[in-house]
Each structure stands twice: as C-alpha cells, then as structure tokens.
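Visitor: model this:
(2 chains, ligands or ions: 3)
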Amino acid sequence: MKLKLKIWRQKNSSSPGQFVDYTVDNISPDMSFLEMLDVLNERLIEEGKDPVAFDHDCREGICGTCGMMINGVAHGPLPGTTTCQLHMRHFKDGDTIVIEPFRADTFPVIKDLIVNRNAFDRIIKAGGYISVNTGSAPEANSTRVAKSIADTAFEAAACIGCGACVAQCPNASASLFVAAKIAHLNILPHGQPERRQRTIQMINQMIEEGFGSCSNFRECEAVCPKEISVDFIAFLNKEFIKSIWK
Amino acid sequence: MEIKLTTGSSLEIEESNYKFDARVPDGPLEKRWKNKKDQLELIAPPNRRNFRVIVVGTGLAGASAAATLGQLGYRVTVFCYQDSPRRAHSIAAQGGINAAKNYQNDNDSTWRLFYETIKGGDYRARESNVYRLAELSVNIIDQAVAQGVPFARDYAGYLDNRSFGGVRVARTFYAKGQTGQQLLLGAYQALMRQVDKGNVTIYPRHEMLDVVLIDGKARGVVVRDLVTGEIKSFAAEAVILATGGYSNVYYLSTNAKGSNATAIWRAHKKGAAFANPCFTQIHPTCIPPSGEYQSKLTLMSESLRNDGRIWVPKKKGDKRNPKEIPENERDYYLERIYPAYGNLVPRDIASRAAKRMCDAGYGVGPNGIGVYLDFSDAIKRLGKEVIEARYGNLFDMYEKITGDSPWEVPMKIYPAPHYTMGGLWVDYHLMSTIPGLFVIGEANFSDHGANRLGASALMQCLADGYFIIPNTIADYLAPMLTEKKVDTDHPEFKKSIENVKSTIDRLLSTKGKYSVDHYHRTLGKIMWDKCGMSRNAKGLSEAIEEIKGLREEYWNEVKVPGDNNELNQSLEKAMRVADFMELAELMCIDALAREESCGGHFREEFATPEGEALRNDEKFSFVSCWFWNGEVGKWAFAKEDLVFEFVKPTVRSYK
Ligand SMILES: Cc1cc2nc3c(=O)[nH]c(=O)nc-3n(C[C@H](O)[C@H](O)[C@H](O)COP(=O)(O)OP(=O)(O)OC[C@H]3O[C@@H](n4cnc5c(N)ncnc54)[C@H](O)[C@@H]3O)c2cc1C
Ligand code: SF4
Ligand code: FES
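Guide: Ligands and ions are numbered 1, 2, ... in the order given. Predicted structure coming up:
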C-alpha cells in the first residue's frame, strides 16, 4: 500500500507546531499502525531528518502509553482498539491519514505526538486507592464478593489510563476515566470505608486539573479501547450526590 | 580457564576467587525465613525518615517495594522511563499468579509449590529462596484482594483458580487475561497513596544510566530526564533496582519496546556479579512474526493450553486448510510424547517440541513457522460462553493482530523470547555483590533456576517487593544511622555524570549510516539463531565473533539524529542497544561455558537420544557468576555452588 500522511510536528511544548506531509510506500496490510510509523521513522533517520516522536511501550494494547488522533478519532477507526493494536488492513491503498496528538489543555504536548498525561496520576493520588498497609490484609476468602459485583468491578478496572476519552470529548472531560476508577473501588466491599471521601477527593482533583464536565456526548465510550461503559458515569454522578448529601 | 571457540580463537577467562556468601539461614526449611526475620536488625519508626532509598522501576517489584518502604516511613525516590508508573511492563502479564492457598482442596501445599518450582527450574535455584517464595505466595493474594484487585470469582463469591504448565493442581489466581494489569494497578495505587502522604517522590520519564559507588557502597544514581535531556544525580543510603528482564536483547520478544538491561548492566560494570546470563525463557505460545517490519511479538497466555490442543499435520508441508485435515491426520504431539502433562508441559519443553516439529518440516502457516492451538474440542465440550469468559479478550487480541478468528480457525503459535531467569546475583537478602545495591523482580537471578513456571514471576516480584526487601533493607541500613550522609556534591557523582555525558556525546557525534533499530535487529537475529531455543558450540562461537564485529561497527556507523537537550527517542534506544551488545556477548560466553542442557538452556551436544535436555549435576550444579573486568570480553568467572538438602535432583520427566 501507498499512503499519504499528514503528521503534526512540534519541537517542544513552547514552540508552535504544524502539519507536515509524508508519503510511505510498501506498507503491508499486516503491519500495525505503529510499525507503519516505524518504517517512516527509519527512512527519516537515514535521510538525516528528525523522526516523529510518539509514545508507545507494550504494543499489545494494555499499557495505555500509545495514543494519537487518527483522522480525528482517538486511537483511529477500529472500535475497542488502541493505536498499537490497529493494523493497516483497515486502511486502503492511496488513503490520506491525518495524525495528531491527543488535544486537551490538561494534556500539553511535549513533542510531536507525545503529550503529558500526569494529571491522571494526580487524580489517582487524590484517592484512587483502597488504604491497606502491606501486612494488614485479612485472609483473602474471608470476604465473599458476589460474582456479578466482582465482574462489574473488573470491567471498570480494565481502564488503561490512555486518555482517549479526554481527547475525544468536546469538553475534554475526564469523567469516564474517573468514573471507571471510582466504580471499581466503590462497588467492592473492600472499598466501602473510604467510599465517600474517595469520590469527593477524586472529583475535586479532576476539577482542579481543569478537565471539563460531562455533557453526555458519549464520545468517550465510542473511542475507549477497553469499551468502558458510560453507565459508570451515571454511577459516578449518583455517588457524588450521595457523597455531598451525607 | 580457557574457552575454545570453534572459530579457532579462544577466550581467556580469569577465575575469580570471590567467595559468595548467600546469607542463607540454616535449620529446617520451613523455619528459615522466620528465623532470618527474627535476626534481622530493626530501625525504629521515627528514625526511618533519616534514610533515603532509591527505587528504580515501578513494575510489580518496584511499585510494591516503594509503596511498602514509604508506608514504613523511609524517604523513597522512584524512577521509571514510562510517563506513568502504572505503565511498567508488569501490566502486560496475562495469565495469572500462583499461590499455595489450596482453595481447591486438590492437595496443594507450600511444599508442593516449592518442589514444583525447584523441579521446573531444573534444579538450578537455591532451595531456601524458593521455599520462602512459596511461603509468601499466600500473603500476596490477601494483600492484593484487600487492595481491590478484581480476581475471578466463582458463583458463591469465592476466589477462582486455574492450572498452568508444569503443575497438576489449580493454584493460579487470575483476572481474565489481565492479571498483571490488575495486580500492578493495586501496587501503583498503593504507591500513589504514599506519594499523597509525602513519603514517596516519583520521577517518571527518567532513565537510570549509572549507579554511583562511594567507598564500595551504592550511594545513588545518575539519571537522564527523558523530556529535557538533563543529566541529574540523586544520593541515597541504598538503591533498589527493579528494572525487569532483558529479553529485548533478541530484538523481537514479548517485552515492551522500552524494556532494557541498562540499569542492571551499568550496575554490573560497577561491580555487581551477573548470574546465569544465558538462562532465558522462550515462551511456547506467541503469535508468529509476519514480516521484516515486525517490531515485537505478542504472547498468547499460557492459560490457553488449559483448553486448547496443540497439533501439526502428520504430513510434512501439508498446506490444507486446518479444518479439512481429518482427526487421524493430525499429530497432537504434546499429548503423544508427554501423556502425563499433555498440553500443559513446562514452557521450555513445549517450545522445543514446537521447534523440533517445525524444523522437521511439519510447521504450518506461510513460512512454516507455527503450530496449531485448537479450541474446537473445548468449544464443543464447554460451550462458547465458557470459552468466551475464560479467553474472550485473548481471542479478540489474536484476531486484531492476525485478522483470523480463533472461533473459526485454530490459532497459529510459535515460541518467542519472553523472560530472563538470569540477572544480577543476589543473596538471601536480595542484595547484590555491591553493598547497598538490592535487586528485585525479574532483574535478579534468584528463584526460577534454569526455567520459570508460568504465573510465578508475578509471585516473585510481589514477594520481593511487599514482603522481603522491606525487612532485609532495614538490616542493611540500621548500622548506618549515625553515619554522615553523602550528597551529590561528592566527586564520585561528578565522575559518573561525566561518563554518562561522554557516552551520549559519542553516540550523537558518530553520525554514521544506519539507524539504531537496524543494529538492534541484526543483533537480535544473531542471538535468536545462535543463542536462542537451542544452542551449540559452533553457533555460540560464531555469535561471539559476530557480536564483537557488530559492536565495533555500531560505534563507528550508527546514526543517532537530534541532540541531547530534548526528548530524543533515538538516543534512548542507542544507549540501550549499546548495553545489549555487551550483554549479548556475555550470554553467549555463559552458554558456551555451561556444557550441559538444563531448563531453557538447551545445548544440542547434551541431549538424550529422544532430544530431551541432559543435565550434568556433577559438573554444573552451580550458579555461574560473571564479574566485569574493566573491558568488554574480559570477564572474571566465579561460582556459587548449589546445595540440595531437601530435594534430590532427578531427571525432570513430564511423561
Ligand atoms: C507478555 C507477558 C506476559 C506475562 N505473563 C505473566 C503471567 O501471566 N504470570 C507471571 O507470573 N508472569 C508473567 N510474565 C512475566 C512477568 O510479567 C514479569 O517477569 C514481571 O512483571 C517483571 O516485573 P518487574 O517488576 O521485575 O519489572 P517490569 O514490570 O518490567 O518493570 C520494570 C520497571 O523498571 C523501569 N526501568 C527499566 N529500566 C529502567 C532504567 N534504565 N531507568 C529507569 N527505569 C527503568 C521501567 O520503567 C519499569 O517501571 C509475563 C511477561 C510478559 C512479557
Ligand atoms: S476510560 Fe477508556 S479511553 Fe479513558 S483512559 Fe480509560 S481506557 Fe482510556
Ligand atoms: S503501546 Fe501499550 S497500549 Fe499501545
């Protein structure tokens, strides 16, 4: 396949960026999207040019490091798929592909396609945990957890913290990310003692970071590579109301 | 000693008289850890603030250690190269974590987990360490569940288990195919809680490039800020390396693209002994490579072997659609050769069997490198729903990568480099040969001998981090309470920074012809062909010469664009590959020196007539330890003898 690429190039956070056009040739449909960029980069290096910087690590859809806007969609056209798991068989010979970094004020660009998502760590730090000191845990089977609860907690916990939800949301809201973590911990019996405090602290931190609010566009759900349901946002809203009225 | 290469030259290896004191306690096996703990020094809670501890790495080992040390009151500084500690490669572990809980009442016990781990490792690990690991396994599950790790449960709400290769009980705890992710999120969240309390400071996007020694003790690290390029140094009273494994020496492996040996390699060059570098694990169930551009290999969890059946056509080069090959023309070779364990034989055995089949011409797929992993019987027997619940996400992942649906056609799998049992030598306290330098998780060599059993790495990382290091590090630090603290003004820090900078300058100024990836791929191919699943003296000798040549070319011809004062991914890779090029040579030397086959180390010259590994306990029941001797190629060799007091090494049979 032969493709035209329009890629956002930006030297660092303080310089302006712009789109630059490239073409790549001999792209195999079995290549992953990032392998296609590897091919481009290898050529740029050999031509003495600066390769395109993009974040990636596991390349198997689980670490949440990769992520870019591909033709305006976070992680590209395939639902439930991270950028690294997107393969070129989903594109056609001759296509033009526009590639940009995740855009949100809370995710400043570091270089080219790489953004800073540390705000997510700060939200977890504000309360996204169950406080249990090493060594003070009781016997694991002493608390039974209904399978349905455990399964729902797992579905929420599957979030990989990639930030696609924020990037796609017109309000740059982090509601899906925050809801997923709050749901994971708040529905498990082990998470009950800190339920209220966790909810308030994480939401406060989310607001303080400057993430927008949720207006039910549901675009987050559509691009989430782990298909986290917006039902969790409804849950989050209920939790929040319960927390402040208590 | 002299090692003769088949290429004509020979290697002069200095034999070091270093005496390893593993500080293993004596007494009955089941009392050893308790006795040890009773003897370890303590530090009173208010005094712990006086001690700074550096933890490099935020995988299961690093995050669990840092969280626990923070909770205890030490001042902890943590580094990782990813943008967030939650992204360490432990996140990718799929299948599960072992623990001898015996919840299934299938007669499991600490002893059995211990025994199977020792046997699975082909009797090349320390008994006392492994027993402690088995003992601590149960506490890990308690800890993780209390943190909210959503392990699979049965309909009554109790924790569920499954079985893994090399064992005959169901002791593996799992969270669908995302066990590593869920355990790591538990440890990461515990870590962030300590950050919130002000006990831990985290530096993401920082890469450790040197460890600093003062008066022979580890006193800090030099790191590069991967965003600005600034070279910084940090002083501490102890340093813990939790930087993972080095499978990326093969270029194509199941590890994350950034996984590297740099931290342990730089420590090795500062005096830490490297143990069993050639013990690497090739995982049997990975997706075969599809072309030259391939950038990594994807593992399909071993848990698939619980229900999937592995086969090849009985006829060589059979290109028929697998569905058209009738039952009596299929060779379920694992079930045939190893009836007792069948598809659940340990990894090394399953991998070599697949290679033998493909080498003999029975391989499937376009280039004949692959065997089938077939679920059609399981789907018939258990129904789609059960299989979906067990493996749904793995099936999806397979389909995303290959475009084929395992519901319709059998998966094609092939072995790939996955895990490194070798690593920095540590004693029972998990301290390396450098005082004050501790090594935990996959980065050390400790518990898995010559082959690791599935679901045992996560267990080891968390045992090391949550339960061992917090105790043993206190013992090291306690006597230092009144000592004067060092800071980064010390000339040793300046020297180390200069060294790091000069390596960077050299790589940037070479301005040669080829990219770093070009060299990494070439190195990987040499290692895979000659120091991979099976090895022989000729191949290893050639590899040693080829690596030397490649390394020389690298330093003269590599092209690293950009400069140091910016985010420069080519430079990051260039430094990692430079270290892999040296480590690769040591791996080949170690493989050549170990004239036996054991676990993942298979020397073709040392095999039974059926092609199984032939161990030589008389000559090789030891840990091979290598000391840096000032220059690449000139290592000094020493051994730690392995003594088996409780189990008798036997031929490892899974038939
Ligand atoms: C695909 C896959 C599946 C697996 N499945 C299982 C399984 O089901 N069960 C099981 O028991 N085991 C499994 N394993 C093995 C297991 O996941 C690993 O052995 C284990 O997670 C390693 O953890 P770690 O904490 O030692 O290192 P890692 O998780 O690799 O973490 C390394 C850390 O060190 C940091 N680091 C590395 N180098 C530097 C440097 N120079 N400077 C600064 N920071 C650095 C990284 O940023 C990272 O934070 C699997 C492995 C793979 C690859
Ligand atoms: S909710 Fe989905 S899109 Fe948002 S961070 Fe988590 S995995 Fe990514
Ligand atoms: S690189 Fe890890 S999710 Fe894409």
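
Visitor: In chain A, what residue spans correspond to helices?
Guide: For chain A, the helices defined by DSSP state H occupy A:33-46, A:118-125, A:147-157, A:164-168, A:175-187, A:195-209, A:219-223, A:231-245.

Visitor: From the contact counts, what lies against the fourth one?
Guide: Packing partners of helix A:164-168 (3 or more Cβ pairs under 8 Å, 6 or more residues apart in numbering or on different chains; DSSP states H and E): strand A:73-74, helix A:175-187, helix A:219-223. Every C-beta, even on glycine, is put in place using the N, C-alpha and C of the backbone.

Visitor: which of those is buried the deepest?
Guide: helix A:175-187 (a mean of 27; mean count of other Cβ atoms under 10 Å in any protein chain shown).

Visitor: Only C-alpha atoms, please: export that helix in PDB.
Guide: In PDB, the C-alpha atoms belonging to helix A:175-187 read as follows (Å, rounded to 0.1, in the frame of the first residue of the first chain):
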ATOM      1  CA  SER A 175     -15.400  11.700  33.600                       C
ATOM      2  CA  LEU A 176     -15.000   8.200  32.100                       C
ATOM      3  CA  PHE A 177     -11.500   7.700  33.500                       C
ATOM      4  CA  VAL A 178     -12.600   8.900  36.900                       C
ATOM      5  CA  ALA A 179     -15.900   7.100  36.900                       C
ATOM      6  CA  ALA A 180     -14.200   3.800  36.000                       C
ATOM      7  CA  LYS A 181     -11.800   4.000  38.900                       C
ATOM      8  CA  ILE A 182     -14.400   5.200  41.400                       C
ATOM      9  CA  ALA A 183     -16.800   2.400  40.300                       C
ATOM     10  CA  HIS A 184     -14.000  -0.200  40.500                       C
ATOM     11  CA  LEU A 185     -13.300   0.700  44.100                       C
ATOM     12  CA  ASN A 186     -16.600   1.900  45.400                       C
ATOM     13  CA  ILE A 187     -18.600  -1.200  44.500                       C
END
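
Visitor: Any residue of it touching ligand 2?
Guide: Yes - residues of helix A:175-187 contacting ligand 2 under Cβ under 6 Å from any ligand atom: A:176, A:177, A:180.

Visitor: for the last one, what are its contacts?
Guide: By Cβ atoms under 8 Å, 6 or more residues apart in numbering or on different chains, the contact list for residue A:180 reads A:156, A:157, A:158, A:159, A:228, A:232.

Visitor: which element is the closest residue to residue B:235 other than its chain neighbours on?
Guide: Leaving aside its sequence neighbours, residue B:235 sits nearest to residue B:220 (Cβ to Cβ, 6 or more residues apart in numbering or on different chains; 4.1 Å). Using DSSP states H and E, residue B:220 sits in strand B:217-225.

Visitor: do residue B:312 as well
Guide: According to DSSP H and E, residue B:312 maps onto strand B:309-313.

Visitor: To ligand 3, which of the helices and strands packed on helix A:164-168 lies closest?
Guide: Closest to ligand 3 of those is strand A:73-74 (Cβ to the nearest ligand atom; 12.3 Å).

Visitor: how close does the residue of chain A found nearest ligand 1 get to ligand 2?
Guide: At 6.8 Å from ligand 1, residue A:60 is the closest residue in chain A, using Cβ to the nearest ligand atom. Applying Cβ to the nearest ligand atom, to the nearest Å, the value for residue A:60 to ligand 2 is 14 Å.

Visitor: Same question for residue B:225.
Guide: Going from residue B:225 to ligand 2 by Cβ to the nearest ligand atom gives 25 Å.

Visitor: one step back: following the chain onward from the strand holding residue B:220, which element is next?
Guide: strand B:231-235.

Visitor: so what strands line up beside that following strand?
Guide: Applying DSSP bridges to the sheet, strand B:231-235 is found paired with strand B:217-225 (antiparallel).

Visitor: Is residue A:55 in contact with residue A:67, as I believe?
Guide: Yes - in terms of Cβ atoms under 8 Å, residue A:55 counts as a neighbour of residue A:67; the distance is 7.1 Å.

Visitor: Check which helices and strands the helix or strand bottoming out on mean pLDDT in chain A sits against.
Guide: Taking mean pLDDT, DSSP states H and E as the measure, the helix or strand of chain A with the lowest value is helix A:231-245, at a mean of 94. Judged by 3+ Cβ pairs under 8 Å, 6+ apart, the packing partners of helix A:231-245 are helix A:175-187, helix A:195-209.

Visitor: Establish whether that helix and ligand 2 are in contact.
Guide: No - judged by Cβ under 6 Å from any ligand atom, helix A:231-245 stays clear of ligand 2, getting no closer than 8.5 Å.

Visitor: outside of that helix, which residues touch it?
Guide: Residues contacting helix A:231-245 (Cβ under 8 Å, 6+ apart): A:156, A:175-176, A:178-180, A:182-183, A:186, A:195-196, A:199-200, A:203, A:214.

Visitor: chain center to that helix, what's the gap?
Guide: From the chain centre to the centre of helix A:231-245 is a distance of 22 Å (Cα atoms, centre = their mean, to the nearest Å).

Visitor: swap in stretch B:597-610?
Guide: On the basis of Cα atoms, centre = their mean, stretch B:597-610 sits 21 Å off its chain's mean C-alpha point.

Visitor: Contact partners for the residue nearest in space to the middle of chain A?
Guide: In chain A, the centroid-proximal residue (Cα atoms, centre = their mean) is residue A:162; its distance is 2.0 Å. Contacts for residue A:162 were tallied using Cβ under 8 Å, 6+ apart; they are A:64, A:65, A:66, A:67, A:75, A:82, A:225.

Visitor: how far away is it from ligand 3?
Guide: Distance of residue A:162 to ligand 3, computed by Cβ to the nearest ligand atom: 7 Å.

Visitor: now do residue B:323
Guide: To ligand 3, residue B:323 is 33 Å away according to Cβ to the nearest ligand atom.

Visitor: what about that residue, neighbour count?
Guide: Residues contacting residue B:323 under the criterion other Cβ atoms under 10 Å in any protein chain shown number 11.

Visitor: Would you confirm that residue B:407 contacts residue B:394?
Guide: No - look at residue B:407 against residue B:394 with Cβ under 8 Å: they stay out of range, at 11.9 Å.

Visitor: more crowded one of the two?
Guide: residue B:394 (22 against 13).

Visitor: The host helix or strand of the more buried one: what's the following helix or strand?
Guide: Assigned by DSSP H and E, residue B:394 belongs to helix B:384-402. Scanning forward in sequence from helix B:384-402 by DSSP H and E, the next helix or strand is strand B:411-420.

Visitor: If I take that following strand and strand B:309-313, what angle do their directions form?
Guide: If you take axes from the mean of the first three to the mean of the last three Cα atoms, to 10 degrees, strand B:411-420 sits at 120 degrees to strand B:309-313.

Visitor: Follow the chain on from strand B:411-420 and name the next helix or strand.
Guide: Downstream of strand B:411-420, the first helix or strand assigned by DSSP H and E is strand B:423-424.

Visitor: Pull the distance from that following strand to the chain's centre.
Guide: On Cα atoms, centre = their mean, the centre of strand B:423-424 falls 10 Å from that of its chain.

Visitor: Residue B:6 is in contact with residue B:537, correct?
Guide: Yes - using Cβ under 8 Å, residue B:537 is in contact with residue B:6, at 5.5 Å.

Visitor: Mind checking which of the two has more residues around it?
Guide: Taking other Cβ under 10 Å, residue B:537 and residue B:6 do not tie; residue B:537 has more neighbours (17 against 14).

Visitor: Enumerate every residue touching the more buried one.
Guide: Applying Cβ under 8 Å, 6+ apart, we find residue B:537 in contact with B:6, B:592, B:603, B:605.

Visitor: how close does it sit to residue B:546?
Guide: For residue B:537, the distance to residue B:546 equals 15 Å [Cβ to Cβ, to the nearest Å].

Visitor: Please apply the same query to residue A:42.
Guide: Distance, residue A:42 to residue B:546, by Cβ to Cβ: 22 Å.

Visitor: So those two - more neighbours on which side?
Guide: Counted by other Cβ under 10 Å, residue A:42 and residue B:546 do not tie: residue B:546 has more neighbours, with 21 against 17.
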